[in-house]
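S.K.: no sequence on this one, just coordinates:
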Ligand SMILES: Cc1ncc(COP(=O)(O)O)c(C=O)c1O
């Protein structure tokens with residue numbers, strides 16, 4: 001029976017890889033496996049993700065996880081890596097050769113920018129960065145040697161939206177591969193494959209894992225793309241270790257419930273903040289006031305747990321505000337069950353001067369909130385108490 005519903009996919013898909021009968025699959029800790037005979041061992045060593053061979057190639061847990069993620073993202077296949085960056089860099093690196101060109105939106109996860117801007121040019125690959133909200137800019141930046149378009153939507157931290165249908169169609173027309181980092185939305189809120197995007201990437205460290213205790217990444221796409229990406233990834237050793245794979249498989253079972261709760265709570269908190277006299281602006285794609293609300297609503301089923309807001313004050317008061325929060329923990333990352341808060345300007349100040357920071361559009365009083373699964377009333381009380389201190 002083909003399972004279509006994400007709530008059921010996360011519980012039952014890939015069950016066949018658990019051959020033990022145990023309801024909770026065991027942790028496949030063994031690195032190597034006893035071969036039946038030498039010929040079988042030699043044959044197995046050249047297969048795609050063979051089981052019963054060597055753990056850097058595949059384990060039953062990784063295979064089960066791959067099936068769950070592929071079904072969630074509506075793709076033929078997927079492969080799981082040891083971090084989001086391992087997934088992103090493998091998907092990009094295997095696709096390109098020296099002399100190739102990428103078009104990427106300029107607002108991406110900072111380490112992805114570092115990879116595109118600082119690492120790839122060392123291997124003869126060039127990158128053009130464009131405004132994600134300007135469809136024509138993507139088209140104009142395409143060259144004869146453009147191999148892929150790389151996007152992320154909603155983007156961090158201003159929650160800007162990239163037009164998935166436009167990028168999907170553009171890439172098909174120009175025979176370019178489209179890659180999206182779908183971490184912020186999660187497959188519960190957004191399936192870019194529905195809009196013709198070829199490859200979905202995740203930092204599974206965020207919503208898919210959801211408990212801030214596993215670093216992992218996923219690449220979802222066609223059978224051929226995923227095979228080649230796995231082939232590259234296992235050569236460079238981007239593997240998820242057995243205990244972490246098991247934790248991820250355990251945690252992904254509650255993904256739909258967690259994300260739905262985070263969607264609801266974040267929207268509620270964003271609405272509360274929008275009414276607050278000490279808040280200048282709220283950047284949440286589910287608010288009518290968001291400049292791209294219509295586009296967001298046309299391609300997302302829910303708007304996610306992460307958003308940002310600008311306080312009506314200068315930097316020192318913004319610092320005081322985040323440090324006064326008690327339940328909202330001052331920490332990086334997102335997608336966990338606990339609410340975390342950051343002040344992006346504080347992290348970026350050491351790397352940018354005032355003008356460069358202003359050019360990113362990120363003000364010194366912008367706060368990013370990644371909402372967890374607590375009762376939102378308690379988070380609002382925590383925010384209210386910090387507001388009273390500034
Ligand atoms: C949107 C996004 N993509 C990718 C990554 C990288 O993932 P990881 O830390 O699992 O390597 C992050 C990490 O914060 C992220 O926020």
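M.R.: Arrived safely. Everything numeric here is computed off the predicted structure, so don't read it as measured data.
S.K.: okay, and for the protein, where does confidence drop off?
M.R.: Along the chain, segments meeting pLDDT under 70 span 351.
S.K.: tell me the contacts of the residue of it found nearest the ligand?
M.R.: Relative to the ligand, the nearest point of the chain is residue 84 (2.4 Å; Cβ to the nearest ligand atom). All C-beta atoms are positioned from the backbone trio N, CA, C, and that covers glycine. By Cβ atoms under 8 Å, 6 or more residues apart in numbering, the contact list for residue 84 reads 109, 181, 183, 201-206, 215-217.
S.K.: Make a ChimeraX selection of whichever of those residues turn out to be buried.
M.R.: In ChimeraX, this line selects whichever of these come out buried by 16 or more other Cβ atoms under 10 Å:
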select :109,181,183,201,202,203,204,205,206,215,216,217
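S.K.: Now for residue 386, how many residues are close by?
M.R.: Number of residues near residue 386 (other Cβ atoms under 10 Å) recorded here: 20.
S.K.: Sort out which residues of whatever helix or strand it lives in are buried, please.
M.R.: Per DSSP states H and E, residue 386 falls inside helix 376-388. Within helix 376-388, the residues that count as buried by 16+ other Cβ under 10 Å are 376, 379-380, 382-383, 386-387.
S.K.: Please list the residues of the protein that sit near the ligand.
M.R.: 83-85, 109, 111, 156, 181, 183-184, 203, 205, 215, 217, 333 (Cβ under 6 Å from any ligand atom).
S.K.: Take the residues you listed and keep only those in helices.
M.R.: Those of the residues of the chain next to the ligand mapping onto helices are 84-85, 111, per DSSP state H.
S.K.: Now tabulate those in a markdown table and tack on distance to residue 369.
M.R.: Below are these laid out as a markdown table (distance: Cβ to Cβ, whole Å):
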| residue | distance to residue 369 |
| --- | --- |
| 84 | 20 |
| 85 | 24 |
| 111 | 21 |
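S.K.: Can you tell me which of the residues of the chain next to the ligand is nearest residue 138?
M.R.: Distance to residue 138 across these (Cβ to Cβ) is lowest for residue 181, with 15.7 Å.
S.K.: Look up the closest residue to that closest one, ignoring the ones flanking it.
M.R.: Distances taken as Cβ to Cβ, 6 or more residues apart in numbering put residue 152 closest to residue 181, at 4.1 Å, once the chain neighbours are dropped.
S.K.: Is the one you found in contact with residue 180, as I believe?
M.R.: Yes - taking contacts as Cβ atoms under 8 Å, residue 152 lies within contact range of residue 180: 6.7 Å.
S.K.: Show me where this protein has its strands.
M.R.: Along the chain, counting by DSSP state E, strands occupy 77-81, 101-105, 126-130, 146-152, 177-181, 199-203, 217-221, 279-283, 306-311, 329-330, 340-342, 366-370.
S.K.: contacting residues for residue 124?
M.R.: Contacts of residue 124 by Cβ under 8 Å, 6+ apart are 98-100.
S.K.: CSV please, covering the residues you listed and showing distance to residue 257.
M.R.: Below are the contacts of residue 124 laid out as CSV (distance: Cβ to Cβ, whole Å):
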residue, distance to residue 257
98, 46
99, 47
100, 41
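S.K.: Any quick PyMOL command for the buried ones out of those?
M.R.: Entered in PyMOL, the line below selects the buried ones among those, by 16+ other Cβ under 10 Å:
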select buried, resi 100
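S.K.: measure residue 214 to residue 208 for me?
M.R.: For residue 214, the distance to residue 208 equals 9 Å [Cβ to Cβ, to the nearest Å].
S.K.: So for these two, which residue has more residues nearby?
M.R.: Using other Cβ under 10 Å as the criterion, residue 214 and residue 208 rank with residue 208 on top: 30 against 24.
S.K.: I figured the more buried one hits residue 186, correct?
M.R.: Yes - Residue 208 lies in contact with residue 186 (Cβ under 8 Å); the separation is 7.0 Å.
S.K.: and stretch 120-130, how far apart are its ends?
M.R.: The stretch stretch 120-130 measures 17 Å between its terminal residues, going by Cα to Cα, to the nearest Å.
S.K.: how's the chain carved up into domains?
M.R.: As recorded under automatic domain parsing, the domains making up the chain are 6-252, 255-388.
S.K.: Overlap of the contact sets of residue 214 and residue 208?
M.R.: 248, 251.
S.K.: sorry, back to before: turn the strands of the chain into a markdown table, columns for distance to residue 160.
M.R.: Shown next, in a markdown table, are these (distance: least, Cβ to Cβ, whole Å):
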| stretch | distance to residue 160 |
| --- | --- |
| strand 77-81 | 26 |
| strand 101-105 | 8 |
| strand 126-130 | 12 |
| strand 146-152 | 9 |
| strand 177-181 | 13 |
| strand 199-203 | 18 |
| strand 217-221 | 23 |
| strand 279-283 | 8 |
| strand 306-311 | 11 |
| strand 329-330 | 24 |
| strand 340-342 | 18 |
| strand 366-370 | 13 |
